[in-house]
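> Pasting a predicted model and its sequence here:
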Amino acid sequence: MTFAWISSKAFTNFSSTASTSSSIPSFVQGKLSKFHFSSRSVNCCCKCELSAADELKFVLHDTLDLSGHDTAHARAARFGFCSQIEKLSDVERETSISINRGVDLARAALHIAAEDDSLISHSSVPLPVDDFIERLDSLSMGYCSHYSSLYRSSPENFLECLERFLYVDKGFRRTNPRNHVEHRALYLNSVLTHRAGSVSMLSLIYSEILKMLRMWGLLNFDVEIFFPHDPYSSPRGYLKQKSKESDHSHVMTSQSLLVEVLNDLKNAFWPFQRDHARSPFLRAAEAAQCFTGFIKPNESALELASAKAARHRLQRGVWTSVHFGDMRRALSACERLILLKSDPKELRDYAVLLYHCGFYEESLQYLKLYQATKQGTSSINDLEEDAVEKLIVRLNLISMEVGWSSLPDNRSNLFKNSEPW
């Protein structure tokens, strides 16, 4: 079986071999340096004590290809996303979205939407990214035509009118993040169409309007965007000179906004949706224990039934459900978060999904790489670390009992169902 190597040669021939090339660009080798990959190719040899042949792989696109799905549009969208995050220098990662100039956040978000759209729509044409960029530009032009008389007014009045234009005149509103019906609110193209979006999407649109107004010379004061952490408020602009120390936690940088966008998608489409008081990883890890018949003393029949039902869906190839997530889009979100190199925990979360898909060898490699790279990170959760250890033990037992090559090759069953419901 062929997989997408995370290597320096990944996208050399992308334009001519879209159907067979890897979904990981060449800059990943350098960009993932804080994950301690080797200089020859992205692998876990130096930290996880694996041989040089045991290189890390992304599995989604190639597995879909082998299951008969055309991933040309998905690969092109992933390449577009990677071409944007390649511009994330150390300085750019810490730059506020209100003054960002290096990374086209709107285009990156649209490439995210384009990849996921290709994974679920089976469309023969890609999502028209450029058309939605034009729609976003038209939104900025609309503000200019409506409020041209206010260009020389006070900054406070300027921002007040901008928010009136966005939230009243154009009717953009924030959606409930727990509403399964409004998953389209997590994609920029849908937000521009339906004018209902997550706080991350509204913040991105707000920042893009500010960027265009600044490019046109209509914004001559320092403004910051307040990113609310409550479930109801919408992003607002304020004068940077009047900011308070408490506002600092509400400032989004280029990297943190992209992480927020992808985490929204990962959480929305995580296949184990029950009990949001626990992390997605813990939900998936505990479901793995339930599948083998291990019952905890305080475990309810509902928890056991929910876990068994999730496993049954995966075995039947039912990879998405309104209330039970979407394995393909969860995997794609995890892969893009790994490329952003924001948190080693993304390696762990990707690994547990691979376990549920039957990619045991790859799951073990990512778990070992996570253990090697988590050193020095804060907020280590003992319960999660215990689950990681148990999962590694189980994977090692699987390897010793039957070996990787002797495992039944039914893992692609997850991707054989051509319908996304």
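Cool, got the structure. Residues are numbered from 1 along each chain as shown.
> Doesn't residue 107 belong to a strand?
No. Assigned with DSSP: H, G, I helix; E, B strand; the rest coil, residue 107 falls outside any strand and is helix.
> Which residue, other than its chain neighbours, is closest to it?
Spatially, and ignoring its direct neighbours in sequence, residue 107 is nearest to residue 84 (5.9 Å; C-beta to C-beta, 6 or more residues apart in numbering). Every residue, glycine included, has its C-beta placed from N, CA and C.
> tell me which residues of stretch 249-262 are tucked away?
Buried residues in stretch 249-262, counting neighbours by 16 or more other C-beta atoms under 10 Å, are found at 250-262.
> Could you single out the nearest of the residues you listed to residue 241?
Comparing these against residue 241 with C-beta to C-beta picks out residue 251 as the nearest, at 14.2 Å.
> Spit out the contact partners of the closest one.
Applying C-beta atoms under 8 Å, 6 or more residues apart in numbering to residue 251 gives the contacts 96, 224-227.
> make it 6 Å
Listed by C-beta atoms under 6 Å, 6 or more residues apart in numbering, the contact set of residue 251 reads residue 96.
> Next: residue 171.
Per C-beta under 6 Å, 6+ apart, neighbours of residue 171: residue 195.
> quick one, strands of the stretch 201-350 of the chain?
223-226, 236-239, 320-321, 325-326 (DSSP state E, counting those that start in this stretch).
> Sheet-wise, list the partners of the last one with their directions.
Sheet pairing for strand 325-326, assigned by DSSP bridges, gives strand 320-321 (antiparallel).
> still on that earlier bit, output the buried residues of stretch 249-262 in a markdown table, with distance to residue 328 and pLDDT appended to each entry.
Converted to a markdown table, these look like this (distance: C-beta to C-beta, whole Å; pLDDT from 0 to 100):
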| residue | distance to residue 328 | pLDDT |
| --- | --- | --- |
| 250 | 33 | 89 |
| 251 | 33 | 91 |
| 252 | 27 | 92 |
| 253 | 29 | 92 |
| 254 | 27 | 93 |
| 255 | 25 | 95 |
| 256 | 25 | 95 |
| 257 | 24 | 96 |
| 258 | 20 | 96 |
| 259 | 20 | 97 |
| 260 | 21 | 96 |
| 261 | 17 | 96 |
| 262 | 15 | 97 |
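> So which of these is the closest to residue 335?
Nearest to residue 335 among the buried residues of stretch 249-262, counting by C-beta to C-beta, is residue 262 at 9.6 Å.
> Understood, closing this out.
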